[in-house]
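[1] coords below, sequence missing:
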C-alpha cells in the first residue's frame, strides 16, 4: 500500500487542486452566483476530500489487510469522488484559478487540441465501456493480486479506476458547460446496466464459498475470517454501489418527468 511519502504527495496535490479551484470559483461566484454558488465549491472540495480519505488515510494501510477495506477504497474512487468533482463544474474554475501566464498556455493547448479529443472521450459509450473494462479487468484475480503486491501497479490500478469513473460520470452529471451527446433519458439505462454488472461481481464475492483473492488468505482482523471479509467486501460493493447508481437514475427520471434543467444548471444561489 502507499508509503508516507505517497500520502503526503497525494495530500499536496489535492491541496493544490483545491486552492486553484477555490481561486477560480471565487472569481466566478462574484459574476454569476447562481451558476457558481457555494454548492459547487462544497461538491468539488468534497470530492477531493473523498480522494484524500481513499489514498492518504489509514484506510489505505488497512486495505492491505482486508478486502473489505480495499473495496471501500475502490468505491470512494469510482462511485463517490468523480460525481462530486463533476458537480463542482470544475473546468472554468480550474482554468480561471491558474496564474495568468499558465492559464494562457493551457487555454491555447485546450483550444487547439482538446475539442477533437473531447468529442471522442465525452461519448457515453466510451465512458461506459472504459468503466466496465477497468472494473472487470482489475477485479480479475491475477491483476488484483499483482496490484496488492506492487506499489507501482497499485497506483496504476487506482488511476484506471478513477480515470474510467471520471469518464463514466461525465455524461451523467454533464458539468457546465458540457452538452449531452445522447438524449438525457438514455442515461437511465446507462446507469442501470452499470448497476447490473456491479451486482453480478458483488454477488460472486458475497456468495462464493472459496477465496477469490488468495493473497488475503492469511490476513484478517480479530475474529473476521478471510471468507467473511470477502463476503463483507461483496456487500459493500453491492449495497452502497447499487444505491448510488439507483439514486442517480432516480434523479434523472424525476428531472425528465418534471421537465427540469440538467444537473449542470442546478447550482444553488449564494
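    Received it, and whenever you're ready, just let me know what you need. Everything numeric in this text was worked out from a predicted model, so none of it was measured. Numbers count the residues shown, from 1 in each chain.

[2] Confirm for me that residue 79 is in contact with residue 240.
    Yes: under the criterion of C-beta atoms under 8 Å, residue 79 makes contact with residue 240 at 7.3 Å. C-beta here means a position set from N, CA and C on the backbone, and glycine is covered the same way.

[3] Who has more neighbours out of these two?
    Shown here are residue 79 and residue 240; by other C-beta atoms under 10 Å, residue 79 has more neighbours (24 against 16).

[4] Now do the SS call for the more buried one.
    Local secondary structure at residue 79 is given as helix here, using DSSP: H, G, I helix; E, B strand; the rest coil.

[5] And residue 177, by the same measure?
    Assigned by three-state DSSP, the conformation of residue 177 is coil.

[6] count of residues packed around residue 152?
    By other C-beta under 10 Å, the residues close to residue 152 number 9.

[7] for the one 5 residues further on, same thing?
    Residue 157 has 22 neighbouring residues, counting by other C-beta under 10 Å.

[8] so which helix or strand takes in it?
    Here residue 157 sits within helix 151-173, counting by DSSP states H and E.

[9] same for that helix, what does it pack against?
    Contacts defined by 3 or more C-beta pairs under 8 Å, 6 or more residues apart in numbering; DSSP states H and E place helix 151-173 against helix 38-55, helix 81-87, helix 124-139, helix 141-149, helix 187-207.

[10] Determine which of those shows the lowest mean per-residue pLDDT.
    When the helices and strands packed on helix 151-173 are ranked by mean pLDDT, helix 141-149 comes last with a mean of 89.

[11] For that helix, give me every contacting residue.
    If you take C-beta atoms under 8 Å, 6 or more residues apart in numbering as the criterion, helix 141-149 is touched by 64, 137, 138, 153, 154, 156, 157, 212, 213, 214, 215.

[12] Okay, now the unreliable bits of this protein?
    1-4, 107-121, 219-222, 260-270 (pLDDT under 70).

[13] Compute the distance between the residue lying farthest from the centre of the chain and residue 61, please.
    Distance from the C-alpha centroid of the chain peaks at residue 223, with 32.1 Å (C-alpha atoms, centre = their mean). Residue 223 is 20 Å from residue 61, where distance means C-beta to C-beta, to the nearest Å.

[14] Run through the neighbouring helices and strands of the helix ranked longest in the chain.
    With secondary structure taken from DSSP state H, the chain has its longest helix at helix 226-258. Helix 226-258 is packed against helix 67-75, helix 187-207, with contacts defined by 3+ C-beta pairs under 8 Å, 6+ apart.

[15] by contact count, what packs against the longest one?
    Of the remaining helices and strands, those touching helix 187-207 by 3+ C-beta pairs under 8 Å, 6+ apart are helix 124-139, helix 151-173, helix 226-258.

[16] Check the first one too.
    If contacts are counted by 3+ C-beta pairs under 8 Å, 6+ apart, helix 67-75 sits against helix 58-62, helix 226-258.

[17] got the buried residues for the shortest one?
    Along helix 58-62, these residues count as buried under the neighbour rule (16 or more other C-beta atoms under 10 Å): 59, 60, 62.

[18] ditto for the longest one
    Residues of helix 226-258 classed as buried by neighbour count (16+ other C-beta under 10 Å): 226-227, 229-238, 240-242, 244-245, 248-249, 251-252, 255.

[19] do stretch 85-104 as well
    Under 16+ other C-beta under 10 Å, the buried positions of stretch 85-104 are 85, 86, 87, 88, 89, 90, 92, 93, 94, 96, 97, 98.
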